[in-house]
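Visitor: I would like the atomic coordinates for the input below:
(chains A, B and C)
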Amino acid sequence: MTIYNFSQLVINWYHINGRKDLPWQKNKTLYIIWISEIMLQQTTVKTVIPYFKKFILNFPNIESLNNSSLDEVLYLWSGLGYYNRARNIYKSAKIITAKYYGIFPSNFSDVIKLPGIGKSTAGAILSLSLNFFFPILDGNVKRVLIRYYGIIGSLKDRIIEKKLWHITEIVTPIHNTGKFNQAMMDIGALICLAKKPKCEICPLSKRCIAKIKQKWENYPLKNTKKIYPIKTSWFTLIQFNNTLWMEKNIEKKIWKNLFCFPSFDTEEKALNWLKEKKINTNTYKKIKPFIHKFSHFILYIYPILIPLSSCLKFCKKNNTGLWYDLKKPQHIGLSKPVQKILENFKKNIF
DNA sequence: CAACCGTGGGG
DNA sequence: TCCCCAAGGTT
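Guide: Predicted structure coming up:
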C-alpha cells in the first residue's frame, strides 16, 4: 500500500467517524489547542473535559493567565495530576507575554522551546490549530503504527521510538495534516485500543500486520513490570474552628507548590514536630488511614486530627502557610488526597 | 537516560 | 482486587 493510500484511508475515515465536537474543537485557536494538548498529556479525554471547561472559563486567553497567580492556576488544576503541566503553562504565559507580545508563537522552534512542550505536542498544536505540516507521535499514533507495521519492541525502547518517528514523518500527509493527526488519535483512542481493539471497524485493518497475524497483544511488547516502593506519610490536621493549617510544598518533589497538611514519614517525627510547636499531643485523634497510588510509588496516608482550643501562630518559611477556611476556601492547589480529606471533614465524618 | 511526575478507570 | 494503561516531558 502506498503512503498516499494510508493517509487517504485515515482521512476518509475521519470525515465520517472522527471526533469533531470535543470542547477544544469548537474554536481551534493556538491558545485553546495548547491548553487542551497539555491537559491531555497522559490523561483521558473524559477526565480532561470538565477541567478544560473550567480552565478556559477562568483563563480565556494568555493575558488572563499572565495576570493571575500560580496558586490560582494550580487551584483549577487540583485533582488533575502532573502539576508540572500547570506550572509550565503559567511559566509559558509569562514567556509569551515577555517575548512574543502576548501572542502564542506559530513557528515550531519557538513553540517547542516553551516549557512542557515536546516534539509531539508542538506538532499537535500547530497541525490541529493551523493545519501546519508537522507529524505527531503520541500514545495513540504509536500503537496504531506499531501494529500496522508489525514492529517488534517496547514503547520504552529508544530505537523503537526513533523508528516510529521516522514512520510517522513518512505517513503524515502534507495537506490535511490536522485532520490526519486528529484521525490517527481518534483511531488509536476509539478503535485501536490497547486491549481488545475493534479491528472489524478499523479502516486500516486490511493491511495491519498485527491484525493479519492475529497477535495484537504482542504489539507493542509489554514492559517488564516494576515493583513500586511503599512510602508512609503522617498528615497532621491541626484544626481551629472551621480552619485547618496547611503549608505549601516547597522542598518536596511531589505536589510541588501545592498546599498540604504538615506531613512526616513517621509518627514519631509528626509528634516531635507538634511538641516543638507546643501542641498538646495527648488529645490527638487518629483517622482511618488510606492508600494513595502514584505512577511510581504507593503512599500510605495516616491522618491525625489535632483540635486546638485557641489559635496558634505557626512560622513557615516565606510565609507559605495558611489557615485553610472550610467555609471560604482559598484558591490554592490541592492534591487529591488532601481534597478527599477536606470533603470528609466537611461531611463531619471525623 | 531511567526515574520521576498524578490520577481515574477498564477488564 | 489487582494490574495496566491514558493526547509526554523533563532531568
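
Visitor: what are the ranges of the helices in the stretch 251-350 of chain A?
Guide: Secondary structure of the stretch 251-350 of chain A, counting by DSSP state H, counting those that start in this stretch: helices at A:267-276, A:336-346.

Visitor: kindly export the last one (C-alpha atoms) in CSV.
Guide: Yep, that's helix A:336-346 we're talking about. Output of helix A:336-346 as CSV, limited to C-alpha atoms (Å, rounded to 0.1, in the frame of the first residue of the first chain):
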residue,chain,number,x,y,z
LYS,A,336,-6.4,14.6,45.5
PRO,A,337,-5.8,13.0,48.9
VAL,A,338,-6.0,16.5,50.6
GLN,A,339,-9.2,17.2,48.7
LYS,A,340,-10.6,13.9,49.9
ILE,A,341,-9.7,14.6,53.5
LEU,A,342,-11.3,18.0,53.2
GLU,A,343,-14.5,16.6,51.8
ASN,A,344,-14.8,14.1,54.6
PHE,A,345,-14.1,16.8,57.1
LYS,A,346,-16.9,18.9,55.7
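
Visitor: run through who's touching it.
Guide: A:78-79, A:81, A:235, A:237, A:244, A:246, A:258-261, A:290, A:292, A:299, A:301, A:303, A:324, A:326, A:334, A:350 (CB atoms under 8 Å, 6 or more residues apart in numbering). C-beta: built from backbone N, CA, C; applies to glycine.

Visitor: on that earlier part again, out of the helices of the stretch 251-350 of chain A, which is the most enclosed?
Guide: Most buried of the helices of the stretch 251-350 of chain A by mean neighbour count (mean count of other CB atoms under 10 Å) is helix A:336-346; its value is a mean of 17.

Visitor: so which bits of stretch A:187-202 are buried?
Guide: For stretch A:187-202, a neighbour-count test (16 or more other CB atoms under 10 Å) marks A:I187, A:G188, A:A189, A:I191, A:C192, A:P197, A:C199, A:C202 as buried.

Visitor: got it, and stretch A:222-234?
Guide: For stretch A:222-234, a neighbour-count test (16+ other CB under 10 Å) marks A:S233, A:W234 as buried.

Visitor: same deal with stretch A:51-58?
Guide: Buried residues in stretch A:51-58, counted by 16+ other CB under 10 Å: A:Y51, A:F52, A:F55, A:I56.
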